[in-house]
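can you look at this prediction? I've put the sequence above it.
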Amino acid sequence: MSVSDFFFRGKSFFFPHALPGIQENIPSSINVWAIFPRILKLSLKALWVFKARTLFILLAVALGVGALTIITAAMEGASKKAEEMAETFGPSAIFVAGGNLMYQPMGNRPRTLTWNDIERIRTALPGVVSVQPFLLREKMHASATSRRHIVASVVGSGKNYQATWNWDLQDGEDFSAHDVASGASVCLLGTLAARGLFGSQNPVGKIVTLEGTPLIVRGVLTPRNIVAAGVEQDDRLVLPASTMLRRFNLDRKYLNGIRINFASTRNMKGNALRVQALMRNLHGIEEGGADDFLVISPLVVLQFVSFLRGGFGVFLGVTALAALLVGGVILANLFHLSVTERQVEIGIKKAVGASDSSILLQFLMEACALTLMGAVFGLMLGVVLSDILAEFDMLELKLSATVFATACLAALVVAFAFGLKPARRAAQLEPVLALKEGR
């Protein structure tokens, strides 16, 4: 059966049962695409006549599509953010933190890592290119000229900070091996710390006083725009670990963390397992005992973000599905009401020869036109809400062609799923009964 036969069941579109004299002038085959514009025009006219009903359905579908838009954009944004975080972390890097308290701030974790751990990791693990200490103090007072600023994070590290931490400099130069060996009074600034201490001035070569200790600014780090555990990563001051130990009276035995860089990104899962096994051996942890450290790799970062994304997606998915179902139910009820109110119109069309399939197609196209318009409004609503959420850093959202396609597909599914029954009811009306009951 051809497409024309399926939809129109006869020689003519509007007049399949017309009088013999008229029927003779009707072509034996029908161009489906030539007929669609005619149906669409009638459908749009009907929507314009019933403005209030059209508005209700538009709003119902728009809310569902708007929610779906935010979900799809959030999922794509989360994937993009996860990839960025893994890349920023360093694809060939592993970080070992003291304690195994994932949800406790770094500065409050028990210190279980030692300088001996660094030496053993450097010599015992294959493929390691650098192992550097990580010291941390939070909320230290700094000043420069007439400005004062509380630096969120003060970090002590080894040489080549930008290479070790995959964090480039936007100005100045990095620490040297001599700086670390001699405990030089030098530092690097994050962009927020630099702005807080020097405003728009270039801080390179100038002096920062950190709780009474003068430090020469060697360089400024590129911005990362990341907030971890409520702390802006760009609001930091970095200095050699040797300087931090000597000038700020820190514990000389324990470290906050250890940064390990491998020569290749291959088999990072295996590298993480080897680091864990070595650390358990160094710390004398028996089989079955809990780790007193936490191994973080790019895979862990991706898995954690994927877990959050999954939970968030389920929550918003149920919300969007409920909104779309509500929109569909409203569409079905109002279309059933529309069929009742338009019985005279349907009866007249069928009396002059309109086929069941033409009536069915008109009502389906009305439903599709309504839901697609609702999808457009829903997309606009979703874009506005996405901008608001992004402005407050509540979500990382990414709008793309996938978002648009998903919204339109959802709208068409709602149209066919909930518009088919009232459309079939309209198509099955008998002309005489429709005219009689419609009076």
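Thanks, I have it.

alpha carbons only for contacts and neighbour counts from here, please
Will do.

element containing Val339?
If you go by DSSP states H and E, Val339 is part of helix 298-341.

elements contacting that helix?
Counting contacts by 3 or more C-alpha pairs under 8 Å, 6 or more residues apart in numbering; DSSP states H and E, helix 298-341 is packed against helix 51-89, helix 401-427.

how about CSV for those helices, with distance to Arg259 added?
As requested, those are exported to CSV (distance: least, C-alpha to C-alpha, whole Å):
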stretch, distance to Arg259
helix 51-89, 11
helix 401-427, 38
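
give me the angle between the helix holding Val339 and helix 51-89.
170 degrees (axes from the mean of the first three to the mean of the last three C-alpha atoms, to 10 degrees).

can you flag the weakest of the helices and strands packed on helix 298-341 by average pLDDT?
Lowest mean pLDDT of the helices and strands packed on helix 298-341: helix 51-89, a mean of 75.

how far out from the middle of the chain is the very next helix or strand once past that helix?
Sequence order places strand 93-98 as the next helix or strand after helix 51-89, per DSSP H and E. Relative to its chain's centre, strand 93-98 lies at 26 Å (C-alpha atoms, centre = their mean, to the nearest Å).

send me strand 93-98 as PDB with only the CA atoms.
What follows is strand 93-98, C-alpha atoms only, in PDB (Å, rounded to 0.1, in the frame of the first residue of the first chain):
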ATOM      1  CA  ALA A  93      49.000  12.600  37.400                       C
ATOM      2  CA  ILE A  94      48.000  11.000  40.700                       C
ATOM      3  CA  PHE A  95      47.500  12.900  43.900                       C
ATOM      4  CA  VAL A  96      47.800  11.100  47.300                       C
ATOM      5  CA  ALA A  97      46.100  12.900  50.200                       C
ATOM      6  CA  GLY A  98      46.600  12.200  53.900                       C
END
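
now for it, which elements pack on it?
strand 257-262, strand 293-296.

how near is Thr69 to Phe377?
Computed with C-alpha to C-alpha, to the nearest Å, the distance linking Thr69 and Phe377 is 11 Å.

my bad, should have said Leu282
From Leu282 to Phe377 the distance is 61 Å (C-alpha to C-alpha).

repeat for Pro298
In terms of C-alpha to C-alpha, Pro298 sits 39 Å off from Phe377.

flag the shaky bits of this structure, pLDDT-wise.
1-52, 100-110, 229, 304-306, 308-310, 312-313, 316, 390-400, 432, 434-439 (pLDDT under 70).

Trp115: how many residues sit nearby?
Applying other C-alpha atoms under 10 Å, we find 14 residues neighbouring Trp115.

typed the wrong thing, it's Gly353
18.

what secondary structure does it sit in?
At Gly353, secondary structure determined by DSSP: H, G, I helix; E, B strand; the rest coil is coil.

not counting its neighbours along the chain, what's nearest Arg266?
Ser92 (8.0 Å; C-alpha to C-alpha, 6 or more residues apart in numbering).

tell me the contacts of that neighbour?
261-266, 268, 298 (C-alpha atoms under 8 Å, 6 or more residues apart in numbering).

ok, back up a step: what is the distance between the helix holding Val339 and the centre of its chain?
The answer for helix 298-341 is 16 Å, by C-alpha atoms, centre = their mean.

more neighbours: which of Thr69 and Phe377?
Thr69 (30 against 19).

once you drop chain neighbours, what's closest to the more buried one?
That would be Gly382: by C-alpha to C-alpha, 6+ apart, it lies 5.4 Å from Thr69.

which residues touch that neighbour?
65-67, 69-70.

ditto for Phe363
43, 419, 422-423, 426.

what about 6 Å?
Ala423 (C-alpha atoms under 6 Å, 6 or more residues apart in numbering).

in terms of helices and strands, where is it?
helix 356-391.

which strand runs longest in the chain?
When the chain is parsed with DSSP state E, its longest strand is strand 128-144.

show the subsequent helix or strand relative to it.
strand 147-157.

and the contacts of that following strand?
133-142, 196-197, 235-241, 244.

give the buried residues for that strand.
149-157 (16 or more other C-alpha atoms under 10 Å).

next: stretch 230-241.
Buried residues in stretch 230-241 (16+ other C-alpha under 10 Å): 232-241.

those in helices, which ones?
Counting by DSSP state H, the part of the buried residues of stretch 230-241 found in helices is Ala241.

give me the three-state assignment for Gly196.
helix.

if you skip the residues just before and after it, what's nearest to it?
His149 (5.8 Å).

look up how far Lys206 lies from that neighbour.
Distance from His149 to Lys206, by C-alpha to C-alpha: 15 Å.

I figured Ile260 hits Pro133, correct?
No - using C-alpha atoms under 6 Å, Ile260 makes no contact with Pro133, being 9.1 Å away.

Gly311: neighbour count?
Gly311 has 11 nearby residues by other C-alpha under 10 Å.

sorry, back to before: how near is the residue nearest to Arg266 to Val238?
Taking C-alpha to C-alpha, one finds Ser92 at 22 Å from Val238.

re earlier: mind putting the helices and strands packed on strand 93-98 into TSV with mean neighbour count and distance to Leu189?
Shown next, in TSV, are those (neighbours: other C-alpha atoms under 10 Å; distance: least, C-alpha to C-alpha, whole Å):
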stretch	mean neighbour count	distance to Leu189
strand 257-262	22	19
strand 293-296	19	25
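
could you dump those strands to JSON lines with distance to Met85?
Shown next, in JSON lines, are the helices and strands packed on strand 93-98 (distance: least, C-alpha to C-alpha, whole Å):
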{"stretch": "strand 257-262", "distance to Met85": "16"}
{"stretch": "strand 293-296", "distance to Met85": "13"}
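
since that was my last question, I'll sign off now.
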